[in-house]
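>>> Got a sequence here, can you model it:
(chains A and B)
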Amino acid sequence: MTLLKTHLYDEHVKLNAKIVPFAGWDMPVQYTSVKDEVLAIRNNVGVFDVSHMGEFFVEGKDAEQFVDYLVTNDIIGAPTGKAIYSPLCRDNGTVIDDLIVYKLAPGRVLICVNASNIDKDFLWIKSQLHGFDCTLKNKSDEYSLLALQGPKSYQILKPLLKELPDLEYYSVFETQFEGAPVIIARTGYTGEDGFEVFGDHACIKHLWQIFMNNGVVPCGLAARDVLRLEVCYPLYGHELNDELNPYDAGLGWTVKGQKARFIGKAALADKKAHYKLFKLTLDRGIPREGYQVLNGKNEVIGIITSGTMSVVTNKGIAFARIQIDKVPVDEVFLVDIRQKPYAAQLVKKPFVTGGHK
Amino acid sequence: MSTNIPANLKYTKEHEWVLVEGETISVGITDFAQSALGDIVFLEVPQIGVELKEGSTFGVVESIKSVSDLYTPVSGEVTARNTDIESSPEKINQDAYGAWLIKVKIKNASDLNKLLTAQQYQEFCNTSH
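Residues are numbered from 1 along each chain as shown, chains lettered A, B, ... in the order given. Coordinates of the predicted model:
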């Protein structure tokens, strides 16, 4: 199989990035040091090429109604200009993908989906269109996408655009960069302030080059994974998958049962979870995906779905998926690392508090 | 990829370096290995007194992204472990050849013959990556 390359591939090679296969793409995993890249975004500013992600446009009279029907979160109730995170579920409540819906204008909605799920999502969404007066277009091949993240994002981006108001977090705005239309969203996957910029390949490539000349730190997928896990954002294929419902992954807050209708409503009405997702931190040892989680009696109660060493706390951090009937009341969790149990502390709040608005 | 491979050391195909000092060896990981791993954040090595068998794993080194086994270059007993590197494993990234991990008392001197010379290791790195 030939791996796809984003239009910035040559820029990554020029920067000496380590390139790895990811979701069918050749993607930069690291440029210099994962630590330095994480800290650049927490304290300063960095940028990711996330052009592998998918962009679907829903346009027409019923665009908002259709997307509201597709996803579990409330789309109709949100004002134009908002971005809304939501799972996309089947009738039985299992999660096809998690995505962000951008309400660009009345009758015009952008859906940004995970790269690994573009084909699956598109087929599913297309199959649901019947009865709605709107069109669906997969424009993933026409758009490149950068995520500029970190406390200095606004001051870097503002002078480059025709106009950039001080947008609220999770909102979206259409403007121009060097005469080309771009979509700017105050979103990201790091917990820090920042912007995602959707545009055509040539303009995004030039924007990337300007970022590099302005001292923005290029950041790879390894740093992105640490950043999202530090602030406890789920990742499809890890905390979420085709067998789980939103409640299994702690995403009950995205299921708006009061909506008149949406796919999966009946199945999700009882809010039944088979698993509970916990945040664990370890003083010693690094929890990794697939490691078993044990209770105080050394019985297996679940698995680590994502784990790493936090750059900010310098401790092992992880999401653990625990079977609902095996949640330990004494809150004693151990992680089996190479056949040895390591004590893990249960944490209620995210490991790191991001600085987003 | 340019790597630093000192001529006075011996090497394994698993990217450990070996410094022979009389009847004892010091073991670390090569510059090539530290560069491939990235930011090293965790090290696990055996207690002093443990008997190691040539070719078996003796510990792990973890970077932010990955876990890698460490392989025993020469059979023998662990006589020392570098607690300084255990508490600051990032020093391996800074100076791979200054960061020995354990010392082993050589049991069979013939094991040393199986190790690669600097030139052989250089060729191995060139052809396998």
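>>> Just give me the neighbour total for B:I29.
B:I29 is surrounded by 26 other residues when neighbours are defined as other CB atoms under 10 Å in any protein chain shown. In this view, the C-beta of every residue, glycine as well, is placed from N, C-alpha and C.
>>> Now for it: which residues touch it?
Remark: with contacts taken as CB atoms under 8 Å, 6 or more residues apart in numbering or on different chains, B:I29 is in contact with B:H15, B:E16, B:W17, B:L37, B:V61, B:L70, B:I92, B:A96, B:A99, B:L101.
>>> Compare the residues you listed and tell me which is most surrounded.
B:W17 (29 neighbours).
>>> with the contacts of B:I29 in mind, which one is nearest to A:D68?
Each of the contacts of B:I29 was checked against A:D68 using CB to CB; the closest is B:L37, at 46.7 Å.
>>> picking that back up, check the contacts of B:I29 and tell me the two furthest apart.
Checked with CB to CB, those reach their widest spread between B:W17 and B:L37, with 14.4 Å between them.
>>> Which positions in the top helix by length along chain B come out as buried?
Secondary structure of chain B per DSSP state H: the longest helix is helix B:118-128. Judged by neighbour count (16 or more other CB atoms under 10 Å in any protein chain shown), helix B:118-128 contains these buried residues: B:Y121, B:Q122, B:F124, B:C125.
>>> could you dump those residues to JSON lines with distance to A:L167?
As requested, the buried residues of helix B:118-128 are arranged in JSON lines below (distance: CB to CB, whole Å):
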{"residue": "B:Y121", "distance to A:L167": "55"}
{"residue": "B:Q122", "distance to A:L167": "54"}
{"residue": "B:F124", "distance to A:L167": "54"}
{"residue": "B:C125", "distance to A:L167": "49"}
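>>> Out of those residues, the closest to chain A would be?
Nearest to chain A out of the buried residues of helix B:118-128 is B:C125 (CB to the nearest CB; 16.2 Å).
>>> right, and the closest one touches B:A33 too?
No. Contact criterion CB atoms under 8 Å: B:C125 and B:A33 do not qualify, at 9.9 Å.
>>> coming back round to it: helices - which of the contacts of B:I29 land there?
Secondary structure of those is defined by DSSP H; positions in helices are B:L37, B:I92.
>>> Show me the contacts of B:I29 that map onto strands.
Under the assignment DSSP state E, those contribute B:E16, B:W17, B:V61, B:L70 to strands.
>>> tell me the contacts of A:R186?
A:R186 makes contacts with A:A83, A:L167, A:E168, A:Y169, A:Y170, A:S171, A:V172, A:D193, A:G194, A:F195, A:K357, as judged by CB under 8 Å, 6+ apart.
>>> Kindly tell me how buried the fourth one is, as a neighbour count.
Read it as A:Y169. Neighbours of A:Y169 using other CB under 10 Å come to 13.
>>> List phi and psi for it.
Backbone torsions of A:Y169, given as degrees, to the nearest 10, read phi -60, psi 140.
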